[in-house]
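Chemist: Prediction below, plus the sequence it came from.
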Amino acid sequence: MAGKGTAPHSGDELKRKVAALGRELGLKVQTEVTAARRLWGSKRRIDVVFTHEKTGKNLGLECKFQGSAGSAEEKIPATIKDIESWPIPGIVVIEGEGFSENMQGYLMSTGKVVWFEDLKEWLRLYFSL
């Protein structure tokens, strides 16, 4: 994986790096944005929200890190489903070597998941930067 030397090592670190990337691109950055409630009543929080202030275009980003094999990757399909209920478009940003090959294939097939190393290019296209 390219850029391993600067890769995040936890979910919080990934969230900080995603926010920093948004600022670098000139986007307004908000973290832990409340967006109504989930089906079971808990508050829904979006990890990071980017706004292109000139156009008003928004994007929500959920940040998921998986450093080793485990069950965290199994929660991402539910996150993808939850994004459908957001009042703005959203994606999941992933990083880490712990995602199984099968899960990587599934995640990429959704069109809603972007590797952190590809995020800058993806954001430039999305926001027309």
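Modeler: Thanks, I have the structure now.
Chemist: At which residues are the helices of this protein located?
Modeler: With DSSP state H, the ranges of helices along the chain come out as 11-24, 76-83, 101-110, 116-127.
Chemist: Now that we have the ones you listed, can you turn them into TSV and tack on mean neighbour count, mean pLDDT and distance to residue 36?
Modeler: Where C-beta positions appear, they are placed from N, C-alpha and C, glycine not excepted. Below are these laid out as TSV (neighbours: other C-beta atoms under 10 Å; pLDDT from 0 to 100; distance: least, C-beta to C-beta, whole Å):
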stretch	mean neighbour count	mean pLDDT	distance to residue 36
helix 11-24	17	96	20
helix 76-83	16	86	11
helix 101-110	13	88	22
helix 116-127	15	97	23
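Chemist: Out of these, which gets nearest to residue 63?
Modeler: Shortest distance between residue 63 and the helices of the chain, using C-beta to C-beta, is found for helix 11-24: 4.4 Å.
Chemist: just checking, what packs against the closest one?
Modeler: For helix 11-24, the elements it packs on are strand 28-37, strand 43-52, strand 57-65, strand 90-95, helix 116-127, judged by 3 or more C-beta pairs under 8 Å, 6 or more residues apart in numbering; DSSP states H and E.
Chemist: Just name the most buried of the ones you listed.
Modeler: Most buried of the helices and strands packed on helix 11-24, by mean neighbour count (mean count of other C-beta atoms under 10 Å): strand 90-95, with a mean of 23.
Chemist: Can you give the strand pairings for that strand, parallel or anti for each?
Modeler: Taking DSSP bridges as the criterion, strand 90-95 sits next to strand 57-65 (parallel), strand 113-115 (parallel) in its sheet.
Chemist: In CSV: those, plus distance to residue 84 and mean pLDDT.
Modeler: Output for the strands paired with strand 90-95, formatted as CSV (distance: least, C-beta to C-beta, whole Å; pLDDT from 0 to 100):
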stretch, distance to residue 84, mean pLDDT
strand 57-65, 12, 95
strand 113-115, 14, 94
